[in-house]
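1. Coordinates for the following, if possible.
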Amino acid sequence: MKKLLLAVVLLAVSAGGAALWTAHQLSTPVDSPDDALLYIIEPGTSLSEVAARLEEEGFIRHAGLFRIRARLEGADRGINAGRYEIEPGMDAAEILDMLVSGRTTTDRVTIPEGLTIQETARIIQAGIGVDSTGFVRLAGDSAVAHALGVEANTLEGYLFPATYDFYPEMSAEEVLKAMTDRYRSTITDAYRTRAAELGYTIHEIMTLASIVEQEARVAVERDTISGVFHNRLERGMLLEADPTVQFGIGRPNMRLYEKHLSHPSPYNTYVRAGLPPGPICSPGAASIHAALYPREVPYLFFVARGDGSHIFSRTNREHNRARAWVRRQQR
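-> Predicted coordinates:
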């Protein structure tokens, strides 16, 4: 009995000693390189791969002990993809905490409302170096759009405008996923229900919202402009929205002349009834809300004053008078 007790005590001491040794190994910084390690962890990278890389770079002593610590803490499946800056002098526990908490090194990139895919691609390239040509190609691929849960054949209109924390060397696929995830989180069940009540699909609402985004230069007019477009659609009138013509020609914000209004494009709402085939830009949250909740107005027309605001009219006669007034002011 005494021998059994002694064996148990020795085993406990041995286990305790091993635990203390392991804790010491993990909590004591190694003699790491002088420079920080910029480590990009791609989605799907395993804990074993991460541990091996950290040992190879000289930032931890034992990859095996690092994995054990992660598993004991339930962190082995919690490693976050991203770009990490691991400083010299950090111990294994600190490194593990950084990887689990997702404290990545990022670059803040702001995508304004109302941009096309091509315009967005240029900002992404300037911000984090993603090739704009590849970005545009992927965003125009229907298989990519469907894989990202977007109910459209391209991502035009679905790259949600917002400020993002991206990291350099992110892939175009990762950027597109982040932006469409933000879009999908914006389209709530209540929004889907509201769209159905109005008799529109979400794709149609996004299309209308993109036109509102381009037309509204003064925030307080946004839901009024939406109300005008809803009125015209209900009456079967042409939308006659200049931004759709510009998009169809392939030159957003170009100056339009009379000859352009007959341009043969499915996006030309001067010659084609109803909504165009899809969004003409990425609308922001306010324009999406306006498309779903238009103001009840008696107007069927509006004309830009030239200062960002508009004159709204009930009849074509009123509209012609407003247009004439604007022309006189411009002269």
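2. and stretch 177-191, what's its mean pLDDT?
-> Per-residue pLDDT values over stretch 177-191 give a mean of 97.
3. in this structure, which residue is closest to the centre?
-> The centroid of the chain falls nearest to M179 when counting by CA atoms, centre = their mean (1.6 Å).
4. Let me see the residues that make contact with the host helix or strand of that one.
-> In the assignment (DSSP states H and E), M179 maps to helix 172-186. Taking contacts as CB atoms under 8 Å, 6 or more residues apart in numbering, the residues outside helix 172-186 that touch it are 43, 81, 111, 124, 128, 130-131, 134-135, 138-139, 144, 148-150, 155, 158-160, 162, 164, 166, 285, 288. Using the backbone N, CA and C atoms, a C-beta is placed for each residue, glycine as well.
5. Buried residues, the helix or strand that that helix is followed by. List them.
-> Sequence-wise, the next helix or strand beyond helix 172-186 is helix 189-198, with elements assigned using DSSP H and E. Of the residues in helix 189-198, 191, 194-195, 198 count as buried by neighbour count, 16 or more other CB atoms under 10 Å.
6. now swap in stretch 34-48 and tell me
-> Residues of stretch 34-48 classed as buried under the neighbour-count rule (16+ other CB under 10 Å) are 36-37, 39, 41, 47.
7. can you tell me which of the residues you listed are in strands?
-> For the buried residues of stretch 34-48, membership in strands holds for 37, 39, 41, with DSSP state E as the criterion.
8. The first one - nearest residue in space that isn't next to it in sequence?
-> Same thing as L37. I86 (4.4 Å; CB to CB, 6 or more residues apart in numbering).
9. Correct me if wrong: the one you found contacts L99.
-> No: the pair formed by I86 and L99 falls short of the contact definition of CB atoms under 8 Å, at 9.0 Å.
10. what about the two, which has more around it?
-> Between I86 and L99, L99 has the larger neighbour count (other CB atoms under 10 Å), namely 24 against 21.
11. Which other helices and strands does the host helix or strand of the more buried one contact?
-> For L99, the enclosing helix or strand under DSSP H and E is helix 92-101. Applying 3 or more CB pairs under 8 Å, 6 or more residues apart in numbering; DSSP states H and E, one finds that helix 92-101 contacts helix 2-27, helix 47-57, helix 63-72, strand 82-86.
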